[in-house]
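# need coordinates for the below:
(chains A and B)
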Amino acid sequence: MAPSKTNSAIENESIDPNELKAELVAKYPTKVGRKRAKQIVVNKVGECGEVPEIGANARTIPGIITQRGCSYAGCKGVVLGPTRDIVNLTHGPIGCGFYSWLTRRNQTRPDGPEDANFMTYCFSTDLQDEDIVFGGEKKLRQAIREIYENFKPKAIGIFSTCPVGLIGDDVHAVAREMKEELGINIFGFSCEGYKGVSQSAGHHIANNGLFTHVVGLDDTVREGKFKINLLGEYNIGGDAFELERIFDEAGITLVATFSGNSSYDQFANSHTADLNTIMCHRSINYVAEMMEKKFGIPWIKVNFIGAGSTAKSLRKIANYFEDEELIERVEKLIGEEMVEVEKVRLEIKSRCEGKLAMLFVGGSRAHHYQDLFSEIGMKTVAAGYEFAHRDDYEGRGVLPDIKIDADSRNIEELEVEADPERYSPRKSEEALERLEAKGFRFKDYDGMMPEMESGTMIIDDISQYETEKMIEVYKPDIFCAGIKEKFAIQKKGIPMKQLHSYDSGGPYAGFKGAINFWREIDRMVNSKVWGYMKAPWQKAPELTATYAWE
Amino acid sequence: MKMKRVDYVSTTNACKLCKPLGACLAFRGIEGAAPMLHGSQGCATYMRRYIISHFREPMDIASSSLGEKHAVYGGGQNLKQGLKNVMNKFGAGLIGVATTCLTETIGDDVPMIIREFRKEMEEAGGGVKPPPLVYVSTPSYSGTHMEGFHAAVRAVADQLCTDNCLCADPERKFVNLLPGFLSPADLRHLKEIVDDFGLGCVMLPDISDTLDGPALEDYEKIPAGGTPISEIRRMGSGGATFEFGHTLEGSLTAGMILRERFGVTLHQLGIPIGLRETEAFFKRLEQVSGIPTPEKHELEKGRLVDSYVDAHKYLFGKRAVVYGEEDLVIALTAFLVEIGIKPVLCASGGRSGRLASCIKRVTDGFSETAQVVEEGADFYKIEELCEGLAPDLLVGHSKGYRLSKKLGVPLVRVGFPIHDRFGAQRTLHAGYRGTQMLLDRIVNAVLEKAQEDSPIGYGYL
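Residues are numbered from 1 along each chain as shown, chains lettered A, B, ... in the order given. Okay, here's the model as predicted:
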């Protein structure tokens, strides 16, 4: 049976995205509307992949119900959260620590039963009135001592919440002092929630801290011919385990992952790898940049979301090492894996082809997951990031043009120089030229927009009102975002997939992950359960023209 | 009682949430209300995701999204802009503004900002009148989510129940019910009970629909349900106020405000879980309504007593650890001693200073009183205290799962948050009926454990 076009796909051909944008913006007060107009873009891809400019990484408008979190969430929750053996101590009132207590569904696998795993713990100084008045440093010192006494961790990270910066506690001084006293590595992060415009600021602060205090502490060179780091992979739902399996079978040695299924020792040793591969460009490109400057490790962009993308990324790694044996081994692995992948893909494609998806999530997922959808014939009609910057939308080519605003200026940029002893370029000039001549690209991220069709809608930091409107106009077959959006969207009768914490599913990375994801999407978009809930326009088509608040 | 061991300064695996979260929950129980946090946007995001994963319902909390600049110069402009956007986009019938540690630390004068906002809106003309704006101070560094919850309820009563002339209702045919933080199923049942006594009921707040709504043909930006604002305004003319929570006694609560301002008789009771605490509630209802307990409830009570007897052989002498919000812990403890379970440890992250005395009171006359009572506890402390107490089961929310796994004993999930089981919003604990369901769950947990521990597959216990 030939795949039939779904109703929604037929209808949406008549949608004029420019008109829709005008309508979305018109609902706001003039000043707000002007700001949103920059962040809502109708995509137009030129012959050389050039795309329109989008407003991104700008302060959220108060009161519009954003998806975004804060700097603390990005630093403690996202980047450091998935590391099992660093004690993450929240310095602040209890809420922040409680809410970031393993809520991202990061998984980890300690090497043995004796190895530390603090991921199920939530440490806090639980600041009280008197600490706000008299300062919390004394309490912080004592909390660190107690943690050392009770858990003997290798390292402790201190994460500042809003009041800490305001009352003037110096977490860095306390960290230095306690490091000396206890003889373990202790470092602080000034990731107060009000810093920056979103969790993105926290990622940057976390990266700076890790690079300054941990990376490069252990020079032991591990065995392995092809040593890489994987950056910006956070092991949601077991993604890292599937990728570790693939690397293992391909004969690639994973020195460190930042930070899915990671440990302190991996970070300390990560500068011994010969290649940095980046998954989530937004959250971690800083570390790759700094490691290249200091240690001479080149970086490339990879994407292990999508079977085709996984194969492509593996080939890219193999080509970098220019080793015939590795190239052959990778090809063999891809060939074997693709048998099952193709079988499932074609079966599911027959049921999902032509259906529409929307993705509003993260700083890379809204881009990467489009590959998984397109592999089963589903089209992404609209997408946007929660906290990404212009380069994640338009590609790194725009980096020189990005204006630095006050919020970004407040986040420290580290001055990094080549390490006098340990800097060693992994590739000679000649090798680099040879690779580039063959079309190999380093530091290559083209962003999301060039890979999306012209006429699709790109919305940065989507508001709840815009979400509702987009759903009503496009009637997508699936909407991907986070748990905050999940139930509101499902109440509208639209299947909703969580791409932050994967609902209860995963892994979705790599070959087996792709199969998992497709099966789930198939079940979601074709489930009969939605038949019990009709979307408003299915019951009363006139609703497409009028809205309750008009 | 046992001697305390080390008193830790740090908190490891907290057994409480922060104050503004409770305020947002309470505001969500008012019809047409939009909760709004004045602070950094992360607070709203974190609390939304936590509340949503418990109730599996949408939960919007607006934020004034302060940045570094506002932390220095004040967040008034952001709050005003946020209020305007919430009004325009949501058509909110009430906006409940709660502060956070950020705005409390910088000392933003929220009542003044709100007054200014009202004035500016009036001066701007255009006939746009802001909805009622209720303000509550909820610095997260002082108290738990329950203090935030009660503070918000008090703020609503204080700021909306102001009109004396509304008290001219000689009939006083309805009662005010201030239930505290119970499940939507509990709230529905409580309304049913009051209704069965022929009384009208203004329940504040009422999250029974707003956080447990049906599938809808038309999605509503602000879910239907919640206490109507017009009803809140006439609470001063209620025949009586029932306020649940023993730890509230003596503090300035919404119930106290209604009594002081309008002379509404205040009945402060425990959460009606267990036979005696439920009976106390029914007795007061009989007094207020002048009619005896309807047969339906007498029968439910009779069945409950019957099942206490039936369950006794399974439960007698079992040892339980109870943790969570203070008033919930008190209610659960009162119930556990009735069914022959010894509450070896009663713990809460809260610090009302009243937990031990309230537990002593509700277990009075029972030989199996609480062995250890710990305020300001975290799970690290609870785990330490468990040593030597040999509990057979835990009763509390999902955060005790790690301990339950470590001790190898079942966890009966009660309270907030529950995000590792399905149906928290539909779980009934209150009244005779709720107690019955809780009893069944406890007995079954004990039976399941016994069955699983046996190497033989006994199917008859």
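# wait, what's in contact with the residue of the stretch 301-450 of chain A found nearest chain B?
Chain B sits closest to A:Asn410 of the stretch 301-450 of chain A, with a gap of 5.4 Å, by Cβ to the nearest Cβ. Where you see a C-beta, it was placed from the backbone N, CA and C, and this is true even at glycine. Shown in contact with A:Asn410 (Cβ atoms under 8 Å, 6 or more residues apart in numbering or on different chains): A:Lys195, A:Gly196, A:Ala201, B:Glu68.
# and if we set it to 6 Å?
Going by Cβ atoms under 6 Å, 6 or more residues apart in numbering or on different chains, A:Asn410 touches B:Glu68.
# now it: how far from B:Ala71?
11 Å (Cβ to Cβ, to the nearest Å).
# now swap in A:Ala383 and tell me
32 Å.
# comparing these two, which residue is more hemmed in?
Neighbour count, other Cβ atoms under 10 Å in any protein chain shown: between A:Ala383 and B:Ala71, A:Ala383 has more, with 26 against 23.
# wait, a strand at that one?
Yes. Residue state for A:Ala383 (DSSP: H, G, I helix; E, B strand; the rest coil) corresponds to a strand.
# can you pull the contacts of A:Val361?
A:Cys480, A:Ala481, A:Leu499.
# check the burial of the nearest residue to B:Glu383 once chain neighbours are set aside by counting its neighbours.
The spatial neighbour of B:Glu383 that comes closest, neighbours along the chain excluded (Cβ to Cβ, 6 or more residues apart in numbering or on different chains), is B:Leu403 at 5.5 Å. For B:Leu403, the neighbour count with other Cβ under 10 Å is 21.
# state the pLDDT value of B:Leu403.
B:Leu403 is assigned 97 on the pLDDT scale.
# any chance of the contacts of A:Val361 in TSV, with neighbour count and secondary structure too?
Shown next, in TSV, are the contacts of A:Val361 (neighbours: other Cβ atoms under 10 Å in any protein chain shown; DSSP: H, G, I helix; E, B strand; the rest coil):
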residue	neighbour count	secondary structure
A:Cys480	27	strand
A:Ala481	26	strand
A:Leu499	22	coil
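# hmm, back to that, the residue nearest to B:Glu383 touches B:Lys381, doesn't it?
No. Contact criterion Cβ atoms under 6 Å: B:Leu403 and B:Lys381 do not qualify, at 11.0 Å.
# ok, which residues in the stretch 51-200 of chain B are in contact with chain A?
Applying Cβ under 6 Å from any Cβ of the partner chain, we find that the stretch 51-200 of chain B lies next to chain A at B:52-53, B:57-58, B:60, B:62, B:64-68, B:71, B:78, B:81-82, B:85-86, B:89, B:101-102, B:105, B:140-142.
# select only the buried ones of those in ChimeraX?
Under the burial definition 16 or more other Cβ atoms under 10 Å in any protein chain shown, those of those that qualify are selected in ChimeraX by:
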select /B:52,53,57,58,60,62,64,65,66,67,68,71,78,81,82,85,86,89,101,102,105,140,141,142
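# okay, now the nearest residue to A:Gly447 once chain neighbours are set aside: neighbour count?
Nearest residue to A:Gly447 in three dimensions, chain neighbours excluded: A:Gly395, at 3.8 Å (Cβ to Cβ, 6+ apart). Using other Cβ under 10 Å, A:Gly395 has 20 other residues around it.
# just to check, A:Gly395 is in contact with A:Asp446?
Yes. Using Cβ under 6 Å, A:Gly395 makes contact with A:Asp446 at a distance of 4.2 Å.
# any shared contact partners between these two?
Common neighbours of A:Gly395 and A:Asp446 (Cβ under 6 Å, 6+ apart) do not exist.
# which residues are in contact with the closest residue to B:Asp212 other than its chain neighbours?
Closest residue in space to B:Asp212, ignoring its immediate chain neighbours: B:Pro184 at 3.6 Å, by Cβ to Cβ, 6+ apart. Contacts here follow Cβ under 6 Å, 6+ apart; on that basis B:Pro184 touches B:Ile207, B:Ser208, B:Leu211, B:Asp212, B:Gln425.
# with A:Leu254 instead?
A:Leu254 touches A:Phe247, counting by Cβ under 6 Å, 6+ apart.
# how near is it to A:Phe118?
Remark: distance between A:Leu254 and A:Phe118 (Cβ to Cβ) = 22 Å.
# do B:Leu315 as well
For B:Leu315, the distance to A:Phe118 - Cβ to Cβ - is 36 Å.
# ok, now B:Ala390?
27 Å.
# so between those two, which is more surrounded?
A:Phe118 (20 against 10).
# secondary structure element for the nearest residue in space to the more buried one that is not next to it in sequence?
Excluding the flanking residues, the one nearest A:Phe118 by Cβ to Cβ, 6+ apart is A:Val87, at 5.2 Å. Element membership of A:Val87 [criterion: DSSP states H and E] is strand A:86-91.
# pull the CA atoms of that strand into CSV?
This file holds the C-alpha atoms of strand A:86-91, laid out as CSV (Å, rounded to 0.1, in the frame of the first residue of the first chain):
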residue,chain,number,x,y,z
ILE,A,86,31.7,14.3,42.2
VAL,A,87,29.6,15.5,45.2
ASN,A,88,27.5,18.4,43.9
LEU,A,89,26.8,20.6,46.8
THR,A,90,24.1,23.3,46.3
HIS,A,91,24.8,26.4,48.3
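# any buried residues in it, and which?
So, applying 16+ other Cβ under 10 Å, buried residues of strand A:86-91: A:Ile86, A:Val87, A:Asn88, A:Leu89, A:Thr90, A:His91.
# closest one of those residues to B:Gly236?
A:Thr90 (42.9 Å; Cβ to Cβ).
# ok, that closest one touching A:Phe159?
Yes. Using Cβ under 6 Å, A:Thr90 is in contact with A:Phe159, at 5.1 Å.
# run a quick neighbour tally on the nearest residue to A:Ser364 once chain neighbours are set aside.
Of all residues not flanking A:Ser364 in the chain, A:Cys280 sits nearest, at 4.1 Å (Cβ to Cβ, 6+ apart). Around A:Cys280 there are 24 other residues, counting by other Cβ under 10 Å.
# hmm, A:Leu231 and A:Cys280 touching each other?
No. Contact criterion Cβ under 6 Å: A:Cys280 and A:Leu231 do not qualify, at 7.8 Å.
# which strands or helices does the longest helix belonging to chain A pack on?
With secondary structure taken from DSSP state H, chain A has its longest helix at helix A:324-352. Under the contact definition 3 or more Cβ pairs under 6 Å, 6 or more residues apart in numbering or on different chains; DSSP states H and E, helix A:324-352 sits against helix A:239-250, helix A:307-321, helix A:510-526.
# got the buried residues for the first one?
For helix A:239-250, the neighbour count (16+ other Cβ under 10 Å) marks A:Asp239, A:Ala240, A:Phe241, A:Glu242, A:Leu243, A:Glu244, A:Ile246, A:Phe247, A:Ala250 as buried.
# any low-confidence regions in the stretch 1-150 of chain B?
B:1-6 (pLDDT under 70).
# run the last query once more with 90
B:1-7, B:88-91, B:124-129 (pLDDT under 90).
# can you map out the helices along it?
B:19-28, B:41-55, B:68-73, B:76-90, B:101-106, B:110-124, B:145-160 (DSSP state H, counting those that start in this stretch).
# any idea of the angle the helix or strand that the longest one is followed by forms with helix B:145-160?
Right, helix B:145-160. For helix B:145-160, the following helix or strand on the C-terminal side (DSSP H and E) is strand B:174-178. If you take axes from the mean of the first three to the mean of the last three Cα atoms, to 10 degrees, strand B:174-178 sits at 140 degrees to helix B:145-160.
# from the contact counts, what lies against strand B:174-178?
Packing contacts for strand B:174-178, counted by 3+ Cβ pairs under 6 Å, 6+ apart, involve strand B:200-203, strand B:240-244.
# burial measure for the residue in the stretch 451-550 of chain A that chain B sits nearest to, as a count.
Nearest residue of the stretch 451-550 of chain A to chain B: A:Ala488, at 3.9 Å (Cβ to the nearest Cβ). Neighbourhood size, A:Ala488 [other Cβ under 10 Å]: 25.
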